[in-house]
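Q: Build me a model:
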Amino acid sequence: MDMKKVVALKVMVVLALSVTAIGCKKSSSSKNSSRATGWQINDKEGGFQYNTKFQEQETSPGLVFVEGGTFTKGKVQDDVMHDWNNTPTQQHVQSFYMDETEVTNMMYLEYLDWIKRVYPPTDENFRAIYHGALPDTLVWRNRLGFNEIMTENYLRHPGYAEYPVVGVSWIQAVEFANWRSDRVGEMALQKAGYLKRGSHITDVNADATFSTDTYINSPTSTYGGNEEVINGDDRRGRNEQTDADGNPVNIYAKRESGAIPLKYRLPTETEWEYAALGLSELRSYNLYRGRKKYPWDGQYTRSGKRKNRGDQKANFKQGKGDYGGIAGWSDDGADITNEVKSYAPNDFGLYDMAGNVAEWVADVYRPIIDDEFNDFNYYRGNVYTKNAINDDGTVKVVTSDDIVYDTLSNGKVVARNLPGEILQVPVDENETYLRTNFDKSNAINFRDGDRRSSRNFESFNDDEETEGSAKAETSLMYNSPKHKISRDSLGNIIREYDKSNNRSSLINDEVRVYKGGSWKDREYWLDPAQRRYFPQDMATDYIGFRCAMSRVGSKSKNKNKTKN
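A: Prediction:
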């Protein structure tokens, strides 16, 4: 071919590629240029401020990532109890984070230490706060057993530091998660320069504490309004505006900054079961459809691998009078609980999702899972609240004089709210009017326990029925005992036990689901699909907990790889 023709052909190819590249060019070459208005985002002269550099939710302390997906919930492999409280349902779970281990004694003692420093129990006004957070160490006692060594030492002795905390009620577990959320949020804002460094030690007291919700809604109310603390002492890397005198403004982190971590909480039953199954690396048909029996791969509790063949994969009761096996090779390494991380994790990197201690989850217990109404992020237990508002339009922040204490059914007194938090009130008609997705504050009974769903709904008539009458006792779907507790004028607790012979159930709105077998349970309960319930204000020596956190943004941490 003629040399001139070759050169001309190359020029045409280059021009064609250039035109194609121009046609494929993105509409905006700068993340700081608005595609809505063309205005500059994060302009130093003013205007809309937003974190356009946010890439990925940072994994908070103690957590591992669990990528969501679909699975068969409630598929138990053995149903020797025949309690009919599990029906296989197809569910989808959003991605989330979960503690890699159960909350340990040392983690919980850090919580108790903080409460003791900030709300000293020597102060009569705060005594119930500390006492209400203490685990019940008497759960170890047995009328025909010698267990005082655990009663006296299990919580606080360094020998048990990395063992899972027990004796904690569901209510106490929720309060721990709330406290943890605030402490992690406080530390994150210190590192980002929004709060004074070290203020969580040097500046905190009962009237000057940090609450994440308060900071988001009314940042000047945190730390009791102490400007020296909440204005921070290191503002590097922040987009700030200045007033006419050059003073910084907009110095508080907002949700748009991405600097405020999400909250810790208890996992839902669906999340816990999905995480326990550890399906991330197992995609065969049988496993996907719910044929997996344990958090590990295989149908047996002993390892089949050559290097550790015969070793137990979890801590559980192996038989009557056998809590660990014969001492030596065949032992599971524990007679009561065991140190966390003593056994291999599942495919999500989660330890002890079977055995060691059973674990509280967020859900209120019901025998059925209503997948006909919802099969996405299933959860029963929603109680919707909103921030209380003062007459001047500001949020109402709880002070030392506003603490409200609740007396639980077992006589224990706990604080409903703490100073520095925003007072919460039930949602009302302003939020529910003409809505189709929810119509009242308390949705616990929805489609199972409320009047519309009761098997004997015709019998409901609050005006005619009197408490204690035979008609009232038999008209409810869940006819559980109704014990009463009150206090006399001197503050003494008055307990009234329900001695009715017409009660037919222990299920009510105050019982919560717990999952996973424990050191005290037989192999049957190690199946992640198994479910049991226990009163939310009571504790045992075999139920502990771990925390979870929701994920924002992409479903997968490998989103860029997926696109490529």
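Q: Mind listing the residues bridging to Asp99?
A: Per DSSP bridges, the residues bridged to Asp99 are Leu63.
Q: Looks like it contacts Met549 (just checking).
A: No: with contacts counted by CB atoms under 8 Å, Asp99 stays clear of Met549, the gap being 9.0 Å. For the C-beta atoms, the positions are set from N, CA and C on the backbone; glycine is no exception.
Q: Identify the contacts common to the two.
A: Leu63 (CB atoms under 8 Å, 6 or more residues apart in numbering).
Q: what stretches of the stretch 201-350 of the chain score poorly on pLDDT?
A: Under the criterion pLDDT under 70, the flagged ranges of the stretch 201-350 of the chain are 233-250, 280-291, 304, 306-310, 328-330.
Q: And for the chain?
A: 1-30, 233-250, 280-291, 304, 306-310, 328-330, 454-476, 559-564.
Q: Contacts only, for Tyr252.
A: Here Tyr252 is in contact with 194, 215, 219, 230 (criterion: CB under 8 Å, 6+ apart).
Q: if we go to 6 Å?
A: Tyr252 makes contact with Pro219 under the criterion CB atoms under 6 Å, 6 or more residues apart in numbering.
Q: what separates it from Phe54, distance-wise?
A: Tyr252 sits 18 Å away from Phe54, going by CB to CB, to the nearest Å.
Q: got it, and Lys386?
A: 28 Å.
Q: Next: Ile369.
A: According to CB to CB, Ile369 and Phe54 sit 36 Å apart.
Q: Lys520 now?
A: 45 Å.
Q: Pick out whichever of these two has more residues nearby.
A: Remark: of Lys520 and Phe54, Lys520 carries more neighbours, 18 against 14, as counted by other CB atoms under 10 Å.
Q: what secondary structure does Tyr111 sit in?
A: With DSSP: H, G, I helix; E, B strand; the rest coil as the basis, Tyr111 sits in helix.
Q: do the same with the one 4 residues further on
A: With three-state DSSP as the basis, the three-state label of Ile115 is helix.
Q: Test my guess that it contacts Tyr130.
A: Yes: the criterion here is CB atoms under 6 Å, and Ile115 meets it with Tyr130 at 5.2 Å.
Q: now the helices for this structure?
A: 3-23, 105-118, 127-133, 148-153, 170-191, 199-202, 212-217, 227-230, 269-277, 285-288, 429-432, 470-475, 559-563 (DSSP state H).
Q: Please enumerate residues in contact with the third one?
A: The contact list for helix 127-133 (CB under 6 Å, 6+ apart) reads 115-116, 119, 121, 405, 413-415.
Q: May I see the residues you listed organised as a markdown table, with neighbour count and distance to Leu155 added?
A: Below are the contacts of helix 127-133 laid out as a markdown table (neighbours: other CB atoms under 10 Å; distance: CB to CB, whole Å):
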| residue | neighbour count | distance to Leu155 |
| --- | --- | --- |
| Ile115 | 22 | 14 |
| Lys116 | 15 | 14 |
| Tyr119 | 23 | 19 |
| Pro121 | 14 | 16 |
| Tyr405 | 12 | 23 |
| Val413 | 15 | 20 |
| Val414 | 18 | 18 |
| Ala415 | 21 | 20 |
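Q: Show me those that map onto strands.
A: 405, 413-415 (DSSP state E).
Q: ok, the residues you listed vs Gly167, which is closest?
A: Nearest to Gly167 among those is Val414, at 14.5 Å by CB to CB.
Q: Could you find the closest non-adjacent residue to Gly517?
A: Trp525 (3.6 Å; CB to CB, 6 or more residues apart in numbering).
Q: okay, now the one you found: neighbour count?
A: 20.
Q: Relative to Asp123, how far out is it?
A: Applying CB to CB to Trp525 and Asp123 gives a distance of 43 Å.
Q: returning to that earlier point: could you dump the contacts of helix 127-133 to TSV with distance to Ser33?
A: Below are those laid out as TSV (distance: CB to CB, whole Å):
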residue	distance to Ser33
Ile115	49
Lys116	52
Tyr119	50
Pro121	57
Tyr405	54
Val413	57
Val414	52
Ala415	49
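Q: nearest to Thr270, of those residues?
A: Val414 (27.5 Å).
Q: mind listing what the closest one touches?
A: 132, 406.
Q: what is it paired to in the beta sheet?
A: Asp406.
Q: quick one: it from Ile115, how far?
A: 12 Å.
Q: May I have the phi/psi pair for Asp371?
A: Dihedral pair for Asp371: phi -70, psi -10, per degrees, to the nearest 10.
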